[in-house]
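*Asks:* model this:
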Amino acid sequence: MSALPSRLRRDAWGIASALFYFAAGQPFLPRLGIENDEALFASPILSPRYGLAPFRVWHTHFALMLMSYLGTLKTLILLPVIKVFGANVWSVREPMLLAGAASIWIFYLLVERVAGVRAARIGAVLLAADSLYLLTTCFDWGPVALQHLLLVTGMFFAMRFYKERRELLLAAAFCAFGLALWDKALAIWMLSGIAIAALGVFPREILALLSKRRLAIAAGAFLAGALPLVIYNLPRQMPTFHGNFTYDVSELPVKARMLVGTAHGGALLGFFNQDDWQTPYPHRPAGPIGRFSVNLSQWAGHPGQDLFLFALVLALLLAPFAWGRGWRALLFSLTAMALAWAQMAATAGAGGSAHHTILLWPLPQMFVAVSFAAAAERFGRARIAIAAAVAVVCASSLVVTNEYYVRMARNGGPAAWTDAFTPLNAYLLDTPATAVYCMDWGFLDTLRLLSMGKLPLREGSEIVSRAVPLPQDREAVLEMIADRSHVFVTHPPSIAFFHVADGNLARLALEEGYRRENIAAIRDSYGRLMFEVYRFQKAPASSPRETKTTP
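*Replies:* Modelled structure (predicted):
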């Protein structure tokens, strides 16, 4: 029994880092509305239902996949939560933030077994302070939260299997890897990077562990975790891998800049918030925390990047001083990271956004932690300098995180993250309608979630997306606009994602003798017009022209 308190004292740094991370995320959770992709997980369980590879369990229909590369693991996790607590920013985001905190705790345990307690402490605090690791988890539109948790958990169990030789740990590791692949097939980047790096850096250790029984256990556990993805792909000629992994290096410079921006922490400044000139009624953060945040932002000079990239460069310079297991851990993390990013950079449509590059985390923190810890152990007098460097890097990350908070609180979110979703949902629930047509991207999935499937939502933009409408398009439009119980929702033109659909609808309606009737204008809490709600009515018949006759 005495060993447990001793272990807790030893691991207190990791626990504290995870708790700090969880607490730091709380002020962000209610700051923005639920983004459309963030709400996508609800599509197989709430009306109008959508999903791939549907199947029936007892009296319930469920889908294995949200998209060809995105599974429904998050749906299974959040389904009981929203049933108990309803659909809101807390029930959707709190579980993902908890997953992020758990990933920090498990990362600490992993690095401690790989490179010792000092490295684990450095890695945990660096990861807990990372701005984008926090924000991409709080607002899990990527999604990335479960990816981080499952991949770190898999590596942790694999390390424990190496040390303890318990085959249950081997099964747990590969089941976690399989679940990560089902959750998001893009996990193949990290999984292949980790696998190749492990084989290249630890070949003797891995070969010594191999046996037919263990290979069977690993393969079976991986298949069990990824089974829904396998069931979806096998009868359909592997759409996950044929349609989503296309080679293209034309955007390599853009992706490299995004990688650097993600390492600097400021890649999403302006993505989550509006600017001052876009905000007629900015909100000054109130209360002690709000005032402290504003003062800190002003004192720090409104920072746009942190110092973590410089820590990576310093870690590279210090790497030659690592020895023993330290240098192999450095080589493993650097190789796995490089291989994963190379695949990301060579895949069309991937790697150009922060929610892709952040999938490389926490490998950069592992590299810095192992390098710094090795330097501190080799040069005893450098320990204070290493500790100071870690503290400065963490402080720089925290002031950037604070900058995100101040900008969100002052100016609110853009159209995709607006808090106007709440009044829009309330208005539509109170408006008698047999169909609610969504004429722009960015709110159908959010409304489905917030209304818990009670709104009769329809996708309207696809029907009128063609520049030259077909005869069947006109028939569909006439069916949409003729019924007065049908209402339409769109963004105003200044913030619309797709302008064609709404314009085509109005033009076709006018040709059929109908005109648009605006019934509501929904604004966010900052006074910005975010949504227009309208219906169509038959235009009054024009009086016949008087004709002149000549005598």
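
*Asks:* Under the pLDDT cut-off, which ranges of the stretch 351-500 of the chain? List them.
*Replies:* By pLDDT under 70, the weakly predicted segments of the stretch 351-500 of the chain are 467-468.

*Asks:* residue boundaries of the helices in it?
*Replies:* Here the stretch 351-500 of the chain has its helices, by DSSP state H, counting those that start in this stretch, at 354-357, 363-378, 383-411, 421-430, 444-450, 471-482, 500-511.

*Asks:* now for those helices, which one comes closest to I231?
*Replies:* Ranking the helices of the stretch 351-500 of the chain by distance to I231, with CB to CB as the measure, places helix 444-450 first at 24.2 Å. Any C-beta I mention is one placed from the backbone N, CA and C, and that applies to glycine too.

*Asks:* what comes into contact with that closest one?
*Replies:* Helix 444-450 has contacts (CB atoms under 8 Å, 6 or more residues apart in numbering) with 33-40, 42-43, 46-48, 82, 87-88, 92, 421-422, 424-425, 428, 436, 438, 455, 457, 459.

*Asks:* L179: neighbour count?
*Replies:* Burial of L179 is recorded as 27 neighbouring residues (other CB atoms under 10 Å).

*Asks:* Skip the chain neighbours and tell me the closest residue to it.
*Replies:* Closest residue to L179 apart from its sequence neighbours, by CB to CB, 6 or more residues apart in numbering: G225 at 4.0 Å.

*Asks:* Pull the contacting residues for the one you found.
*Replies:* G225 sits next to F174, C175, A176, F177, G178, L179, A180, L181, W182 when contact means CB under 8 Å, 6+ apart.

*Asks:* Grab the two from those that are most spread out in space.
*Replies:* Greatest spatial distance among these (CB to CB): F174 and W182, at 12.8 Å.

*Asks:* What score does P282 have for pLDDT?
*Replies:* Looking at P282, its pLDDT reads 88.

*Asks:* quick one: contacts for the nearest residue in space to it that is not next to it in sequence?
*Replies:* Here the nearest residue to P282 in space, its sequence neighbours aside, is R410; by CB to CB, 6+ apart that works out to 5.0 Å. Residues near R410 by CB under 8 Å, 6+ apart: N273, D276, T279, P282, H283, R284, P285.

*Asks:* one more time with 7 Å, if that's ok
*Replies:* Shown in contact with R410 (CB atoms under 7 Å, 6 or more residues apart in numbering): P282, H283, R284, P285.

*Asks:* Kindly report the same for W13.
*Replies:* R121, A124.

*Asks:* Would you confirm that it belongs to a helix?
*Replies:* Yes. Counting by DSSP: H, G, I helix; E, B strand; the rest coil, W13 is located in a helix.

*Asks:* Give me the most central residue, this protein.
*Replies:* In the chain, the residue lying closest to the centroid (CA atoms, centre = their mean) is G142, at 2.5 Å.

*Asks:* Not counting residues beside it along the chain, what's closest to that one?
*Replies:* Of all residues not flanking G142 in the chain, H355 sits nearest, at 3.4 Å (CB to CB, 6+ apart).

*Asks:* Where do the domain boundaries of the chain fall?
*Replies:* What automatic domain parsing lists as the domains of the chain is 3-411, 418-538.

*Asks:* Can you tell me the closest non-neighbouring residue to M65?
*Replies:* Among residues not flanking M65 along the chain, L52 sits closest, at 4.0 Å (CB to CB, 6+ apart).

*Asks:* Please tell me how far that neighbour sits from S43.
*Replies:* Using CB to CB, to the nearest Å, we find L52 at a distance of 10 Å from S43.

*Asks:* Looking at those two now, which is surrounded by more residues?
*Replies:* S43 (22 against 18).
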